[in-house]
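Asker: What follows is a predicted structure for the sequence shown.
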Amino acid sequence: MKTRWCVLLFVFSTIPLTFADEFAPTMLNLSVDPIIMYQFDGTPVDIPIEVRGTSCEVIFSLFTKYRTNEVGEVRNGYLGWHYVNRIDTCVYVSAPYQFDPGRHVITWDGRLQDGTPAPEWINYTYYLWGYDNTSERQVMTRYMSCGWGFDHFTNVQETDEQGLPLANPIWYTANERWLIGGDPEDETLKLATTITLPEYWYWKNEPLIDPVDFDYVYIGVHDSERLKGSIQKIKFVPGGEAEIVENWGGEAPYATLFDISEGGRTTGVVTDGDYLYTIGQNVYESDEPDAGCYIYDMNGVLVDTVDLTEWWSSPDDFELGGEMNGGPDNFTSRNGYIFLNSLSSCLVQMVDPQRYLMSGYTEDFFVWSNGNGDYVLDKNFEETAYLPWVCNDSNAPPYKYSIGVDDNLFSIVCTFMIGNVSFGLLGPDGTGLGHFSFADEDWNWKKGQTIIDSKTPYDGIYCEINLFEGYGKATSGYYFEPGGIGYIAHDSVKGTLGKFTDIFATDRWIGIKHPEEDARLTGGTKYVIYWLDAFLDSVAIDFSPDGCTTWERVADVIDKQTTYIYWFVPDISSEECYIRIADAADSSFYELTGPFAIESRTVVETESPRAFSLGRNRPNPFNPSTSIPFTLGADCRVVLTVYDITGAKVADLADDVFSAGRHEAIWNAARFPSGVYFYRLKAGAFEDTGKMTLVK
């Protein structure tokens, strides 16, 4: 940790937090049995629940478990409102339950939402999501905001530099910070810095504290003159002028620039720990489809761009009188996923950047989408709507100013102008679960809601408190006086429901589903290695082409919540191939497939240049080593070179005469920084280039 943040922590540590008016909320805690055994015999089954802390409203929901590949890509619902892409999906949602603290029972009748009996050959994940709907909001601070509209967005840092929960999370904007837990009425607890950007550069929206050095913060910036968007890294200086980090970024002191429309801007910055993400926000400014997600390494170099126009741009809405582009204009991240939302669109979306970076296929980026059709967060659904069912419409409520996500991936989207509703609730697959209200909710402006859910002493929902001051006081419209940030208790829990014999097979041990024993795979093709969830925190995948004699690492340190990877099958011929799963921490062996075969599709044509090829490196992304395959149609001199993003040569992997056939070169990049690199093969008259990503 750098000196400046040490000073900042010292400043905080000298402030007594044990006075009578400190912020100490009463939290909500739900407890359930991790395993509920059910024989699917047509009788009801009881799900015990213990409520501690506060009274609450609870939703019970049931999801498939380990059926992601079977689900595939599905659109359903009225107007095709719901899209899911290889994730487990919701099959049942209860009406709300009202519980006081104590022990209770929820009874499920064994039937799905459509009334049909639940199939007995499927195990299910059940969730209970609850929030305090009886208490008034408790003030966390009077001197910060959720910052939508004419203010700057806020964010919250929940974990320390080692990823452990902070005893006192940090509520912050790019230029202000508040340590949660202090006296809500003590303005001196707020730390501030001043940010001055060069002419024509502006900042807004979600900032991001550097996850490993809290001295620094990333902000989304845009140049209104050159019509460029980017990310900038600054040093937070309490009581002084923030320092722009001059030696950072692909176009220092900015991350690699991208184009925006006139009047457009960036959406802010989020991270999954490996990459930085920002979005070009062009809701009103462009009559052409314009929506993209920009992926940067932690050094500010642009790694990739994902086209979002299929989802967030609509020529049909534009033709009917809505906007061409609906956003997104706000987002958040949780557990490696990014959640996209917009004031001006009906759409809410969860994306998986790592799944996309692993496969290289754009469709893998999009996990679920919730649009018009389920009456949760819908626009223009009323019979009297001026633009019936138009989604991209900034003039139609609800106005969705922010999105918050908990650790089980339930999303709350704050809403404005649909009465006293506080938020719409979406399940882990995007299923709309309904609209809900805080006990003291009214029709005031709802600017933002955030969830803290990292096992801190302050887990719960945080939301803007706005006080109506009159009409036309400061503007031509309604005027609200900011009242600070309020707290509402919240929790969600989950367990497994299914047959006894199946539960222990799937929950307590790893089981490789694909490739299956005796499978025959084609070399050089993309394949999914799919396994069941494990008790391990992280796993590693190994491959043997020769009957378990030798092993090579296919993927390392995969989070336990990820149950598949994309694997480019080596272009070999073997009848004795194996995949095994190991503990990434100590390489302990846990599960082995039965033997399967790989059939090579390479045909060596010694006279034909078409037999020359350069394969994709694997794994990709990688750390620190990757293998680059290439095939030669004749004996020839081979030069294989690695370049960085600027075009500078960083490594020579081969410069020699090779025989015809298949070869592989290994690059160990342990001494190189994270980022995008290119490898170029020259073999006789044949030339080709590939791209790879080093992630540390």
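Answerer: Right, received. Where do you want to start?

Asker: Tell me the confidence at the closest residue in space to Pro315 that isn't next to it in sequence?
Answerer: Spatial nearest neighbour of Pro315, excluding adjacent residues (CB to CB, 6 or more residues apart in numbering): Met324 at 6.8 Å. For glycine as for every other residue, the C-beta is placed from the backbone atoms N, C-alpha and C. At Met324, the model reports a pLDDT of 94.

Asker: What of Val301?
Answerer: 92.

Asker: on that earlier part again, count the neighbours of the residue nearest to Pro315 for me.
Answerer: Look at Met324: counted by other CB atoms under 10 Å, it has 24 neighbours.

Asker: Quick one: residues contacting it.
Answerer: The contact partners of Met324, by CB atoms under 8 Å, 6 or more residues apart in numbering, come to Ser286, Asp287, Glu288, Pro289, Asp290, Ser313, Ser314, Pro315, Asp317, Phe318, Asn392.

Asker: same thing but at 6 Å, please
Answerer: Asp287, Ser313, Phe318 (CB atoms under 6 Å, 6 or more residues apart in numbering).

Asker: residue ranges of the strands in the stretch 551-696 of the chain, please?
Answerer: Using DSSP state E, counting those that start in this stretch, the strands of the stretch 551-696 of the chain run over residues 552-559, 564-568, 574-583, 589-592, 596-599, 613-614, 625-632, 636-644, 649-658, 661-668, 675-683, 686-694.

Asker: wait, the stretch 351-500 of the chain
Answerer: 366-370, 403-405, 411-414, 423-426, 432-436, 449-452, 460-471, 478-488, 490-498.

Asker: returning to that earlier point: is it possible to get TSV of the strands of the stretch 551-696 of the chain that adds distance to Gly182 and mean neighbour count?
Answerer: Below are the strands of the stretch 551-696 of the chain laid out as TSV (distance: least, CB to CB, whole Å; neighbours: other CB atoms under 10 Å):
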stretch	distance to Gly182	mean neighbour count
strand 552-559	34	17
strand 564-568	44	20
strand 574-583	42	19
strand 589-592	46	15
strand 596-599	59	18
strand 613-614	58	19
strand 625-632	47	21
strand 636-644	45	17
strand 649-658	48	13
strand 661-668	48	15
strand 675-683	40	20
strand 686-694	41	17
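
Asker: Any chance of the contacts of Met324 in a markdown table with pLDDT as columns?
Answerer: Converted to a markdown table, the contacts of Met324 look like this (pLDDT from 0 to 100):
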| residue | pLDDT |
| --- | --- |
| Asp287 | 87 |
| Ser313 | 95 |
| Phe318 | 95 |
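
Asker: What are the boundaries of the strands in the stretch 1-150 of the chain?
Answerer: Under DSSP E, counting those that start in this stretch, the stretch 1-150 of the chain gives strands at 29-32, 35-37, 45-52, 56-64, 73-76, 82-85, 90-93, 97-99, 102-108, 124-131, 138-141.

Asker: Which one of those strands lies nearest to Thr305?
Answerer: Of all these, it is strand 82-85 that lies closest to Thr305, at 19.6 Å by CB to CB.

Asker: Tell me how many other residues crowd the residue nearest to Lys696 when sequence neighbours are not counted.
Answerer: Of all residues not flanking Lys696 in the chain, Ser674 sits nearest, at 4.7 Å (CB to CB, 6+ apart). Neighbour count of Ser674, defined by other CB under 10 Å: 18.

Asker: what's the answer for Pro48, then?
Answerer: For Pro48, the number of neighbouring residues by other CB under 10 Å comes to 12.

Asker: Also Thr196?
Answerer: So Thr196, with other CB under 10 Å, has 8 neighbours.

Asker: worst average pLDDT in the strands of the stretch 551-696 of the chain?
Answerer: strand 589-592 (a mean of 65).

Asker: returning to what we had before: reformat the strands of the stretch 1-150 of the chain as TSV; add distance to Tyr254.
Answerer: Formatted as TSV, the strands of the stretch 1-150 of the chain follow (distance: least, CB to CB, whole Å):
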stretch	distance to Tyr254
strand 29-32	45
strand 35-37	51
strand 45-52	49
strand 56-64	42
strand 73-76	37
strand 82-85	33
strand 90-93	42
strand 97-99	51
strand 102-108	52
strand 124-131	41
strand 138-141	32
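
Asker: So which of those is nearest Ala648?
Answerer: Nearest to Ala648, of the strands of the stretch 1-150 of the chain and by CB to CB, is strand 82-85 at 38.0 Å.

Asker: before we move on, the earlier item: may I see the PyMOL selection of the buried members of the contacts of Met324?
Answerer: In PyMOL, a selection of the buried entries from the contacts of Met324 looks like this (16 or more other CB atoms under 10 Å):
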select buried, resi 313+318
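
Asker: Could you tell me how many residues sit around Glu187?
Answerer: Neighbour tally, Glu187, other CB under 10 Å: 10.

Asker: hey, where'd the strands end up in the stretch 151-300 of the chain?
Answerer: 155-159, 165-172, 176-179, 191-192, 201-203, 208-209, 216-223, 228-235, 243-244, 258-259, 265-266, 270-271, 276-281, 292-296.

Asker: thinking again about what came up before, name all residues that make contact with the residue nearest to Lys696.
Answerer: Asp297, Met298, Leu694, Val695, Lys696.

Asker: from what I can see the last one touches Pro621, true?
Answerer: No - in this structure, Lys696 is not within contact of Pro621 by CB atoms under 6 Å, at 9.8 Å.

Asker: All set, thanks.
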